[in-house]
Structure formats: C-alpha cells, structure tokens
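In: Curious how this folds, go ahead:
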Amino acid sequence: MVRNLVYSKMLYGAELTGFQAVHAEPMQRVINTAAKWILGMQQNNTLADAFTLCFELGLPPVHQEMYAMRARLNYKLEAHTDGGLNSWLQILYDSPPDDLGTSHTWVTLSKKWINKLGKDMSKYNCTLTVEDEAGTLKLVYHTEAAAPLRPWAQLGKAFEMLVRSNAYMSETQAGLRTAFLGQSVEGVPPDYPLEAPLIRPCFGELADADWDLPVERQEIDRSRMVPQGRTRGEATKIALIRDTVLERMMSSNTSKGFNQFYDLFSLGTTRGFLWEAVNRPDLTEGVRWLCLMRTRAFPTVEGAWQRIKRSRKVPHFARGSCPLCLHAIRQGWEWTHLLIECMSVPVRRERLEHLTPSISYIQRNLVNQGHQAIRYADAMGREEQIGLAEVVSIYLIGGLYRPPGFSDGEGWFDTYFLGFGAT
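Out: Numbers count the residues shown, from 1 in each chain. Predicted coordinates for the structure are as follows:
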C-alpha cells in the first residue's frame with residue numbers, strides 16, 4: 001500500500017521541485033512513520049534509524065524518487081528537441097532565456113544538478129595500478145563506465161535483479177550458481193568435480209567468480225526490464241541517477257544503526273530474501289522480528305527496565321540482566337543473547353530445533369579457519385570487544401563479518417552468506 005498508493009499520491013507533480021532535499025522532508029516523515037508502523041513500532045520511537053528501516057523494507061527515499069522524476073522529465077525534454085513533447089515546457093527547454101544574469105530557471109537548474117552527479121556515477125569504478133618503478137600503488141578511476149554504489153549495495157541489487165528479471169544473468173552470477181549449486185546455468189553438472197557444496201560447503205571459501213562492479217553494472221543495464229513507453233537509454237540513465245543519489249545519502253548517514261551496523265556488516269545485501277519471505281504469510285511475524293534485528297531496532301532490556309520504573313512498579317529482573325534466564329546481558333545485543341546464549345528452557349528448545357546446526361557449523365569453521373573470532377576487538381568503534389557469539393549471530397541474520405584489515409572485496413562469497421535465503 002505504501003509503495004503503490006502513498007508514494008504516488010505524495011509525489012504527484014514532484015518533477016517541478018525535485019533536487020532540493022528540503023522539499024522531500026515533509027513527505028519523508030510520512031514514509032518514516034509508515035516504516036515504523038510496518039515493523040510494529042511506535043511513531044515516536046527513536047531507537048532505530050529511519051533511513052535504515054526504509055531501505056530494509058524497500059521503501060526508497062523520497063528525495064531519491066523526486067530527483068529521479070525531475071531527471072526523467074529533463075531527459076525526455078532533451079531527447080525531444082524537435083518539439084516531440086506537446087508541452088509549453090518543451091518550448092522553454094528548447095529556448096531558455098539568457099538574460100537572467102546569475103538567476104536560474106527550471107531548465108538551467110536541472111542541467112546543473114544532473115551534471116553535478118557525473119563524477120559520482122563512477123565512484124567505485126577504480127583499479128589498483130603500479131604508478132612507478134618503485135612499485136607505488138595508485139587508485140585509477142575509469143569514468144567511461146558506471147559504478148555508483150558501494151560493493152554490498154551493488155551485490156544486493158544484482159541478487160534482487162536475478163530474482164525479478166529472467167533476462168538478467170551475468171558471468172559472475174553464472175559462476176556463483178555453478179560454485180554454490182554444483183551445476184551450470186543450463187542445469188548441467190560442470191566438467192570438473194565439486195565437493196558437494198550444498199551439503200558441506202567450505203565456510204569462507206570464495207566462489208569461482210570475479211566480482212567486477214563496472215562489468216556487473218553493465219550486465220544489469222543491458223538486461224534491465226524497460227517499462228513500456230521508455231527507451232533503454234532513458235531507463236539506464238534514470239537508474240544511475242537514482243543509485244547515485246542513494247549512495248550520497250548513505251555516505252552522509254552518520255547514525256550508528258546504519259553506519260556502525262547495517263553498513264559495516266553488509267546486511268543490505270540479503271534484504272531481497274526478506275522480500276521473498278513476505279510472500280509466505282506464515283513467516284510474517286518472523287520476518288518482522290528479523291528486520292528489527294537487522295536494523296538494530298530490537299527492544300532493549302534497559303529500555304524495558306526504565307519503562308517499568310517510570311510506571312512506579314518494581315521490575316521482576318535486575319538491571320542489565322535477561323528477563324528470561326536472569327544472566328547478564330550486553331545492551332544493544334539482546335537479540336544475540338536470545339539467538340546464541342539464553343538459557344531459558346523455551347528459548348533453548350526453539351534454538352535446538354531451528355538454529356543449532358547453523359550455529360555449530362559457523363562456530364566450527366570460524367575457529368578452524370583461524371579467524372580468531374573471540375579476539376575480534378573494537379570492530380564497531382565501541383569499547384567492548386566483539387566476541388564469537390556476536391560474529392555468529394551476525395551471520396545468522398544475513399550479515400557478513402570481515403575482520404579488521406580485510407578490504408571490501410575480500411570475504412564476499414562465502415557459501416553460508418550466499419545461502420542465507422535458505423534459513
């Protein structure tokens with residue numbers, strides 16, 4: 001309802017304003033409230049970052065949509081300079097006034113703002129090259145191809161398109177399918193033997209596929225489903241603008257929920273699996289609580305303790321302890337305690353039935369691989385250490401933990417991360 005009804009009503013005529021973030025703020029507050037209500041939260045809840053909630057639920061930022069709508073109208077006017085559009089705006093676009101001094105019109109401002117996005121469209125399109133004989137390394141950006149999104153966001157977009165569009169299948173996706181499923185795109189087993197990757201995958205092993213952001217972006221654009229009445233060039237250009245604006249908003253987001261959790265652990269890569277799970281009504285409540293964990297909006301014990309005290313009642317549990325098993329608990333990691341450590345009988349029974357095989361598998365492989373998960377320290381800019389329980393729980397909710405010192409390209413394709421949708 002929010003995506004199909006609320007957005008369309010609020011964005012009517014947004015082509016005329018667009019570009020200015022301040023124009024989107026009143027409408028964005030409506031969407032933020034909707035996102036909180038969808039997850040069963042109060043409107044005035046400040047525990048979660050609204051941007052993260054909306055991204056997790058697939059609700060695009062209003063500023064991003066307004067920007068794209070104005071850019072699309074600009075593109076149509078530019079493509080129909082022969083008077084193809086029966087609109088007075090076409091006349092203004094073809095013959096903009098040139099006697100306004102430093103002032104700007106809708107036409108000149110549109111061109112100015114779109115041109116400002118040009119450099120950002122190749123933000124992650126770079127290669128590491130040797131600059132001189134001494135072996136000095138240098139990042140070289142290639143502006144002829146586009147790669148506007150950070151790696152995990154681009155990877156998530158590729159997974160989502162693979163589900164939605166039958167025309168999209170890149171070499172990277174084919175390599176991942178072969179490595180993970182043990183068969184080619186056509187369903188034929190490969191010529192070389194595979195060690196039963198679905199039964200006993202090697203945790204942390206990279207799949208036989210090179211992740212190249214610009215190349216993958218070109219494959220996505222080539223296979224994109226184009227709505228009726230639009231050209232492929234228009235659809236590609238608007239998609240680039242939309243993703244460039246999204247990346248800008250991600251870069252400027254300093255909230256802990258996004259910057260120190262959702263982004264740090266690449267949780268957005270697997271959000272598409274949750275959208276698919278929504279098609280199963282019997283999973284609705286589980287998906288809602290999983291979204292609360294992934295967006296760091298899970299209720300805290302400290303918050304519950306404070307609410308009980310404010311109501312002039314006596315909490316039945318000690319401050320800083322689990323209400324179920326009464327053991328000490330770390331604030332902000334209550335969900336980890338429930339998934340991994342809580343000794344309450346009902347919780348242990350559910351964990352044994354649903355999570356124990358995955359927990360044992362992840363723990364065994366993390367230790368055997370020498371990752372030294374217990375000594376992972378200060379990974380989130382916090383005072384406390386990140387222990388084995390936290391690392392395992394991050395994988396359980398669809399995240400990916402890269403130890404300090406790992407680059408963005410390392411550790412992307414371990415098989416448990418790719419198979420998160422099966423859990």
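In: Please count neighbours and contacts with C-alpha atoms only from this point.
Out: OK.
In: Next, count neighbours for Asn253.
Out: When neighbours are defined as other C-alpha atoms under 10 Å, Asn253 has 15 of them.
In: if I read this right, it contacts Asn259, doesn't it?
Out: Yes - at 6.7 Å, Asn253 and Asn259 qualify as touching, with contact defined as C-alpha atoms under 8 Å.
In: can you dump the C-alpha coordinates of the helix or strand encompassing Trp289 into PDB?
Out: Counting by DSSP states H and E, the element that carries Trp289 is helix 284-294. Only the C-alpha atoms of helix 284-294 are listed here, as PDB (Å, rounded to 0.1, in the frame of the first residue of the first chain):
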ATOM      1  CA  THR A 284       5.300 -12.700   8.600                       C
ATOM      2  CA  GLU A 285       5.900 -12.400  12.300                       C
ATOM      3  CA  GLY A 286       9.400 -14.000  12.000                       C
ATOM      4  CA  VAL A 287      10.300 -11.700   9.200                       C
ATOM      5  CA  ARG A 288       9.200  -8.700  11.200                       C
ATOM      6  CA  TRP A 289      11.400  -9.600  14.200                       C
ATOM      7  CA  LEU A 290      14.300 -10.400  11.800                       C
ATOM      8  CA  CYS A 291      14.000  -6.900  10.300                       C
ATOM      9  CA  LEU A 292      14.200  -5.500  13.900                       C
ATOM     10  CA  MET A 293      17.400  -7.400  14.500                       C
ATOM     11  CA  ARG A 294      18.900  -6.300  11.200                       C
END
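In: Look up how far Arg319 lies from Arg307.
Out: Separation of Arg307 from Arg319 (C-alpha to C-alpha, to the nearest Å): 12 Å.
In: what do you get for Trp113?
Out: Distance from Trp113 to Arg319, counting by C-alpha to C-alpha: 52 Å.
In: quick one: buried residues of the helix holding Trp289?
Out: Within helix 284-294, the residues that count as buried by 16 or more other C-alpha atoms under 10 Å are 287-288, 290-294.
In: Show me the contact partners of it.
Out: Outside of helix 284-294, the residues within contact range by C-alpha atoms under 8 Å, 6 or more residues apart in numbering are 39, 56, 262, 267, 274, 277-278, 298, 335, 397.
In: ok, of the residues you listed, which come out buried?
Out: For the contacts of helix 284-294, buried by 16+ other C-alpha under 10 Å: 39, 56, 262, 267, 274, 298, 335, 397.
In: Was I right to think the third one contacts Arg271?
Out: No - applying C-alpha under 8 Å, one finds Tyr262 not in contact with Arg271, separated by 10.9 Å.
In: where does this protein have low pLDDT?
Out: For the chain, applying pLDDT under 70 flags the ranges 81-84, 98-103, 126-144, 165-166, 175-211, 367-385, 402-415, 418-423.
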